[in-house]
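Trainee: What would the 3D arrangement of this be:
(2 chains)
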Amino acid sequence: MGYDINFGWTGTIGNVTIGATKSEGGTRSVSYRIGGGATLPFLEKNLQANSPPLIAFELCDNPVYWSPIVRNYCGDLLDDLPEWTKTAEKTYGADIIRLYLTSTKQRNFSDLPAVGKAVETVLSSTGLPLIIEGSNEPKIDSEVFQKCGEAGQGERLLLGTAEASRYRSIAAAALAYNHSVIAQSPIDINLAKQLNILLREIGVQHDHIVIDPYTGTLGYGFEYSYSAMERIRFSALKGDADLAMPMICSAIDSLTVKEVREAEPAVQDEIAATWEFYTGIAAAVAGAEIICVRHPKTIGLLRKAFDSMKTGIAPMGGQ
Amino acid sequence: MALKALDIYKLLPKKNCKECGDPTCLTFAMKLAGGKADVELCPYLSDEAKSVLGATTRPPIRLVKIGVGERSFAVGEEFVFYRHEKTFYHPPGVLFRVKDTQPADEIIAVTKRVRDESFVRVGTELKFNGIAIENASGSVGKFADAVAAIEGTADLPLILISGNTDALRAALIHCGTYRPLLHAATKENVKEMCAIAKQHGCPLAIRAHGLDDLAQLAKECCAEGVQDLVMDLAPVSLGDFVTATTTIRQLAITRTAPELGYPVYLDTTLTGHEDAAIALGIVKYASVIVTSPLSSASAKAALTLCQNVYTDPQKPIQMNPGLYRIGSPGKDAPVLMTVNFSLTFFTLEGYLESTRVPCFMLIVDTEGLSVLTAVAAGKLSETLVRDAIRKFDVENEVSHRKLIIPGYASPLSGRIEEATGWKVLVGPRDAAEIGEYLHEEWK
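Mentor: Have a look, this model is predicted:
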């Protein structure tokens, strides 16, 4: 008789383009168009809409503020931003680079030209599209995002992170230089919607917004994030255009939770990658289309999993 | 489609005989409508009424119990597609797979591990559920010996994996009364497998690729009198698994295809990417998950994901309000106030422990709300903080009068100072930064 699933949904997740190639006015070797889904992740029959989630590798311009686990694994690379970036692309196999401007965490930080330079350094070290995670201090938001926006002009960056109490500077930079914005709300579908409306009201277009519902890491509130993502995806498919944007998942606490931080040195890398992996793949099933990780080993695990999600690959045995 | 209680009531005898255990036919009807009672409890129903009611009042996914005794587990009886619609009720059983070709001491070691290993997270003990033993040798005697070795080591739920009914019969001599799951009935052997399952009262796995074939097998098993079934979807890829399991869940809970209303079985060892399969199985409705004996990394991550996904989203997990000690804090140690949402508590506690600064955590009762939500909902107030300081006698525990509050509670800092007379220091929003904060700000 043929069993088929039919949800009767009418909505579609909107598209967002990240990165710009030469023909698109930038210098990236590749650009991505995410979104477009019309049902649950990994259920699409349309292969075009079924492209796997993107894997973003997170790095930073001042590694003092980075996990010692990454420091142990990557070693001196952390002090060499161009090499770290190149390695993330060539060796680790990331799809996107996400640069955290951790230098802005220093007290009374004022070296704004260095911010623009960090963005330029990463841009010239890789052909991959970029996510830039800006200022850590509201007082300098305006200048920092201005510098980032300018340095990445034409490159269709994804700028982070706008919050309900703090979105004007980032939106201004995105509008001025045609970048997109990450809109983060604290694990709540209504707040996510509200922020998207606020952004729209000051001129940020639908196709320039990526939703970050905030990802609590595995064992530390992940279930709330997982359900927030499912709800957002569901509402979007039911036709709520204010929630019909792609989502990003970044469980930034994954390497600092007790289970990972206190792991035996011999297995710490494995535990770190496993923790990021379980969080990332579950988020992908809930609807996240960009999965951010900090441990290089996680990238390969996610890549292999996403490949084997494609129907017909990786045949499974009998009894 | 589901019937309403009143529609069901019309089909009942309306005798109010109480023989079903309910005081009236109407209360019985209400239970049936909620999937909380079985039509068989009513002795006076006509066969016709039973067939009408049976399909619409039993839980949309059958409850199947595997094993007996303390470690037995039940799966199925789920009602929703998304956990946020209500909750998922029965977390999957995760069983370690061994083969009868392995040396007995290896099999016994894995059995002991499942028997003894546990992790405590958020106050709950997490364990693996049992052993899946495969008849890889093809030998009847070896299979029976391996099962005997497991049974001699622990009382754990078992899955007997063999296509050879003689091997199953031999193994069941050792465990036949303990409700092991038999794997698997296929098109070829369904009658014989049903006979064994029926004889021993065991749950039975059915295995086929394609939902039509699965539904057909399930019908044949029911006709043979075996209804405690789980379904092995024999997926050809992880994507295929996700599609099939999602389809089954949707069709079962909407009662569009009641013949598919059984728990799903997933053997992750066959997938080529075990961690991925485990994670997908957990979030996408697998109820019996077979894995190889996992590394400590995968073991913890898998059980934690299970716990997360099967946490009831309707109930915030709470801590008892009070004054908690990190290390052995003295009279001059810092006091950090936060809410009684357990995740907030455990996260902050973890970071505080790693700072190695002895201190006090003052946990106030926000009814399990997080800091952000408690502030927004007005559940965290200066009077609550003042009363907690009094109730838990904080003024006698420390000689100073300084209180560190969470960054997200900063709007309350002035009012807390006024109400308590303590100096309020606004800490970081993110617990991860508490170590740095204490080292810089706490003099």
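Trainee: Residue B:434 contacts residue B:351, correct?
Mentor: Yes - the criterion here is Cβ atoms under 8 Å, and residue B:434 meets it with residue B:351 at 5.0 Å. No exception for glycine: its C-beta is placed from N, CA and C like everyone else's.
Trainee: Quick check: closest non-adjacent residue to residue A:193.
Mentor: Distances taken as Cβ to Cβ, 6 or more residues apart in numbering or on different chains place residue A:242 nearest to residue A:193, at 4.9 Å, with adjacent residues excluded.
Trainee: In this structure the one you found contacts residue A:197, no?
Mentor: Yes - here residue A:242 lies in contact with residue A:197, judged by Cβ under 8 Å, at a distance of 5.8 Å.
Trainee: Looking at those two, which has the bigger crowd around it?
Mentor: The neighbour count for residue A:242 versus residue A:197, taken as other Cβ atoms under 10 Å in any protein chain shown, is higher for residue A:242 (16 against 10).
Trainee: how close does that one get to chain B?
Mentor: Noted for residue A:242: a distance of 19 Å to chain B, by Cβ to the nearest Cβ, to the nearest Å.
Trainee: contacting residues around that residue?
Mentor: Contacts for residue A:242 were tallied using Cβ atoms under 8 Å, 6 or more residues apart in numbering or on different chains; they are A:193, A:196-197, A:200.
Trainee: try 7 Å this time
Mentor: By Cβ atoms under 7 Å, 6 or more residues apart in numbering or on different chains, the contact list for residue A:242 reads A:193, A:196-197.
Trainee: So which of these are in helices?
Mentor: Residues of those located in helices (DSSP state H): A:193, A:196-197.
Trainee: pLDDT score for residue A:208?
Mentor: With respect to pLDDT, residue A:208 scores 98.
Trainee: Apologies, that question was intended for residue B:214.
Mentor: Confidence at residue B:214, expressed as pLDDT, is 96.
Trainee: Repeat that for the one 4 residues further on.
Mentor: With respect to pLDDT, residue B:218 scores 96.
Trainee: A helix includes it, no?
Mentor: Yes - assignment of residue B:218 by DSSP: H, G, I helix; E, B strand; the rest coil places it within a helix.
Trainee: just checking, residue B:204 touches residue B:222?
Mentor: No - Residue B:204 is not in contact with residue B:222 according to Cβ atoms under 7 Å; the separation is 10.9 Å.
Trainee: higher neighbour count, these two?
Mentor: Remark: of residue B:204 and residue B:222, residue B:204 carries more neighbours, 25 against 13, as counted by other Cβ under 10 Å.
Trainee: what about residue 234, how many neighbours?
Mentor: Unless you meant another one, I'm taking chain A. 22.
Trainee: oops, chain B please
Mentor: A total of 24 residues lie near residue B:234 under the criterion other Cβ under 10 Å.
Trainee: Could you count how many residues lie near residue B:40?
Mentor: 12.
Trainee: Can you tell me the closest non-neighbouring residue to residue 202?
Mentor: Here I'm looking at chain A. residue A:171 (5.4 Å).
Trainee: ah, no, chain B please
Mentor: residue B:182 (5.3 Å).
Trainee: so the one you found, which of the three states?
Mentor: Of the three states, residue B:182 takes strand under three-state DSSP.
Trainee: OK, contacts around the residue of the stretch 251-400 of chain B found nearest chain A?
Mentor: Closest to chain A within the stretch 251-400 of chain B is residue B:276: 3.6 Å, counting by Cβ to the nearest Cβ. By Cβ under 7 Å, 6+ apart, the contact set of residue B:276 is A:281, A:305, A:308, B:238.
Trainee: The residue nearest to residue A:202 contacts residue A:182, correct?
Mentor: No - assessed by Cβ under 7 Å, residue A:171 is found out of contact with residue A:182, at 11.3 Å.
Trainee: shared neighbours of those two, which are they?
Mentor: residue A:162.
Trainee: still on that earlier bit, nearest to chain B, of the ones in helices among the contacts of residue A:242?
Mentor: Of all the ones in helices among the contacts of residue A:242, chain B sits closest to residue A:193, with 15.7 Å by Cβ to the nearest Cβ.
Trainee: Now for the closest one, how many residues are close by?
Mentor: Residue A:193 has 18 nearby residues by other Cβ under 10 Å.
Trainee: Check what pLDDT it gets.
Mentor: For residue A:193, the model assigns a pLDDT of 96.
Trainee: do residue A:318 as well
Mentor: 38.
Trainee: Let me know the distance separating the residue nearest to residue B:102 when sequence neighbours are not counted from chain A.
Mentor: Leaving aside its chain neighbours, residue B:102 sits nearest to residue B:146 (7.8 Å; criterion: Cβ to Cβ, 6+ apart). Using Cβ to the nearest Cβ, residue B:146 is found at 16 Å from chain A.
Trainee: give the contact list for residue B:146.
Mentor: Counting by Cβ under 7 Å, 6+ apart, residue B:146 makes contact with B:100, B:107, B:133.
Trainee: now swap in residue A:98 and tell me
Mentor: Listed by Cβ under 7 Å, 6+ apart, the contact partners of residue A:98 are A:56-58, A:131, A:133, A:292.
Trainee: where's the dip in pLDDT among those?
Mentor: Across the contacts of residue A:98, the bottom pLDDT score, 94, is held by residue A:133.
Trainee: Tell me what that residue is bridged to.
Mentor: For residue A:133, the beta-bridge partners are residue A:100, residue A:160 (DSSP bridges).
Trainee: what about it, how many residues close to it?
Mentor: Neighbourhood size, residue A:133 [other Cβ under 10 Å]: 22.
Trainee: quick one, phi/psi of the one residue in chain A that gets nearest to chain B?
Mentor: In chain A, no residue comes nearer to chain B than residue A:305, which is 3.6 Å away by Cβ to the nearest Cβ. Dihedral pair for residue A:305: phi -60, psi -50, per degrees, to the nearest 10.
Trainee: can you map out the strands along the stretch 101-250 of chain B?
Mentor: Secondary structure of the stretch 101-250 of chain B (DSSP state E, counting those that start in this stretch): strands at B:119-121, B:124-126, B:130-134, B:158-161, B:181-185, B:204-207, B:229-232.
Trainee: how about TSV for the ones you listed, with mean pLDDT and distance to residue B:69 added?
Mentor: Output for the strands of the stretch 101-250 of chain B, formatted as TSV (pLDDT from 0 to 100; distance: least, Cβ to Cβ, whole Å):
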stretch	mean pLDDT	distance to residue B:69
strand B:119-121	86	22
strand B:124-126	90	17
strand B:130-134	98	11
strand B:158-161	98	12
strand B:181-185	97	15
strand B:204-207	98	20
strand B:229-232	98	20
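Trainee: Pull out the buried residues from stretch A:116-135.
Mentor: Across stretch A:116-135, burial judged by 16 or more other Cβ atoms under 10 Å in any protein chain shown covers A:116, A:118-119, A:121-123, A:125-126, A:128-135.
Trainee: Now go through those and say which are in strands.
Mentor: For the buried residues of stretch A:116-135, membership in strands holds for A:130-133, with DSSP state E as the criterion.
Trainee: What parts of the stretch 101-250 of chain A come near chain B?
Mentor: Proximity of the stretch 101-250 of chain A to chain B (Cβ under 7 Å from any Cβ of the partner chain) is limited to residues A:186, A:218-223, A:227, A:230-231, A:234.
Trainee: Good, wrapping up.
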